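> this is a predicted model, with the sequence first.
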Amino acid sequence: MQVTFLGTSSGVPTLTRNVSAMVLKPPQRSELWLFDCGEGTQHQFIRSNLKLSQIKKIFITHMHGDHIYGLPGLLASIGLAGSSSGIELYGPAPLKNFIDSCLYNSSSRLAYSLKFHKVENAAINQEILFEDFDLEVKTAPLKHRIPSFAYRVNQKTRLGRFDIEKAKSKEIPPGPIYAALQRGEEVKLGDGRIFSGKDFCGPPRAGLSMVYCTDTVYTESAIEISREADLLIHEATYSHKETDMAYQRGHSTATMAAEIAEKANVKQLILTHLSPRYTPGNETSPIDLLNEAKAIFENTQLAKDFLQIDIKKRCNSS
């Protein structure tokens, strides 16, 4: 899995940070999943190495403008390009009405289908929101001024690594047979010999996991959905000294984000959704927020626009 940050500011954009948007590239797929779509997100795509035509799923956390105002324009641009076979959108119930209204009142017609999925029931009932052969997505309610939801993407347990040398020693011809064995399947050779892929694969490998958590004040549901995740992306709108303001406005401090990461025992924390008040040269800077979080959870990193992270069991950045 790889994540790319396209917007890491809260509320309004700054010279160096656009408003909320993050892209996940699922493993071994030529598709992209977009999480939130603040104003200007399609411009951020143009400045990155990502392609709008590869977006297959869009997940919206909540209906505040800095998370959705870029969505109608992005969908219209994809339509004009004529390069999409369809997009699935997941989010709060009002999302469909918002998009339908924007497209209708701007006389925009899409040459591809949109399929909307309301997330409220899955969040309340702790149901799987999406699942296929390799991935599953879960959601959980957060604590904000309006309904807001976190998302967790889990990769399912994979077979162990394929032992090529063992296959060669059995004089099994390479090619499609190796691929079948690597999938754990049973194969029969032309000479009548039968082999099971399980005999050529190491121990099962745990899949990767990523949690995207914004906007919210500190809440137990954020801890629960984040447990043992390889990467937690969490908002840190305010510094600890502005805790009262954070509670009033339904946002987290860097300290809250770090406490959630520590209690959930995640592998790595990345702070995003930073208030524009924290810019270099001001009394409090983003580095101060980072240091505040690292005092509680050491493996913390500060998001910035166009930062790419390859999620591994030990997360590395580039």
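Yes, it's here. Residues are numbered from 1 along each chain as shown.

> tell me where the chain has helices.
Assigned by DSSP state H, the helices in the chain fall at 41-47, 65-68, 71-81, 94-105, 120-125, 164-169, 176-182, 220-226, 243-249, 254-264, 286-294.

> tell me the most buried of those?
Among those, helix 254-264 has the highest mean neighbour count (mean count of other CB atoms under 10 Å), at a mean of 24. Placement of C-beta: from N, CA and C, glycine included.

> residue ranges with poor pLDDT in the chain?
Within the chain, the ranges that satisfy pLDDT under 70 run 313-318.

> show me the contacts for the residue of it most remote from its centre.
Distance to the chain centre peaks in the chain at Asp191, reaching 47.7 Å (criterion: CA atoms, centre = their mean). Going by CB atoms under 8 Å, 6 or more residues apart in numbering, Asp191 touches no other residue.

> so which of the helices of the chain comes closest to Arg17?
Proximity to Arg17 (CB to CB) singles out helix 286-294 among the helices of the chain, at 9.1 Å.

> if we can go back for a sec, quick one: the helices of the chain as CSV, columns for distance to Leu307 too.
CSV is the format used below for these (distance: least, CB to CB, whole Å):
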stretch, distance to Leu307
helix 41-47, 12
helix 65-68, 19
helix 71-81, 20
helix 94-105, 27
helix 120-125, 28
helix 164-169, 35
helix 176-182, 33
helix 220-226, 20
helix 243-249, 24
helix 254-264, 16
helix 286-294, 12
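
> closest to Phe133 out of those helices?
It's helix 176-182; of these, that one is closest to Phe133 (CB to CB) at 14.6 Å.

> what does the closest one rub up against?
159, 162, 164, 167, 172, 187, 189, 195-197, 200-201.

> which of these lies closest to Ala295?
Leu159 (40.5 Å).

> what's around the closest one, how many residues?
17 (other CB atoms under 10 Å).

> mind listing what it touches?
The neighbours of Leu159, taking CB under 8 Å, 6+ apart as the test, are 182-184, 197-198, 201, 204-205.

> follow-up on the earlier one: which stretch among the helices of the chain comes nearest Lys56?
It is, among the helices of the chain and with distance given as CB to CB, helix 71-81, at 10.9 Å.

> output the closest one as PDB, nothing but the C-alphas.
Extracted in PDB, the C-alpha atoms of helix 71-81 (Å, rounded to 0.1, in the frame of the first residue of the first chain):
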ATOM      1  CA  LEU A  71     -15.500  16.700  -5.300                       C
ATOM      2  CA  PRO A  72     -18.000  18.100  -7.900                       C
ATOM      3  CA  GLY A  73     -15.200  19.600 -10.000                       C
ATOM      4  CA  LEU A  74     -13.100  16.500  -9.800                       C
ATOM      5  CA  LEU A  75     -15.900  14.300 -10.900                       C
ATOM      6  CA  ALA A  76     -16.800  16.600 -13.800                       C
ATOM      7  CA  SER A  77     -13.200  16.700 -15.000                       C
ATOM      8  CA  ILE A  78     -13.000  12.900 -14.900                       C
ATOM      9  CA  GLY A  79     -16.200  12.900 -17.000                       C
ATOM     10  CA  LEU A  80     -14.800  15.300 -19.600                       C
ATOM     11  CA  ALA A  81     -11.700  13.100 -19.900                       C
END
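
> report how many residues lie close to Gly160.
14.

> dihedrals phi and psi, it?
phi -70, psi 170 (degrees, to the nearest 10).

> what is the neighbour count of the closest residue to it other than its chain neighbours?
The shortest distance from Gly160 to any non-neighbouring residue, by CB to CB, 6 or more residues apart in numbering, is to Gly202 (3.0 Å). By other CB under 10 Å, 10 other residues sit near Gly202.

> same deal with His251?
By other CB under 10 Å, 26 other residues sit near His251.

> just checking, it touches Tyr238?
Yes: look at His251 against Tyr238 with CB atoms under 8 Å: they come within range, at 6.0 Å.

> any residues in contact with both of those two?
Between them, His251 and Tyr238 share no contacting residue, judged by CB under 8 Å, 6+ apart.

> circling back: which one of the contacts of Leu159 is nearest Met245?
The closest of the contacts of Leu159, once distances to Met245 are taken by CB to CB, is Arg205, at 43.8 Å.
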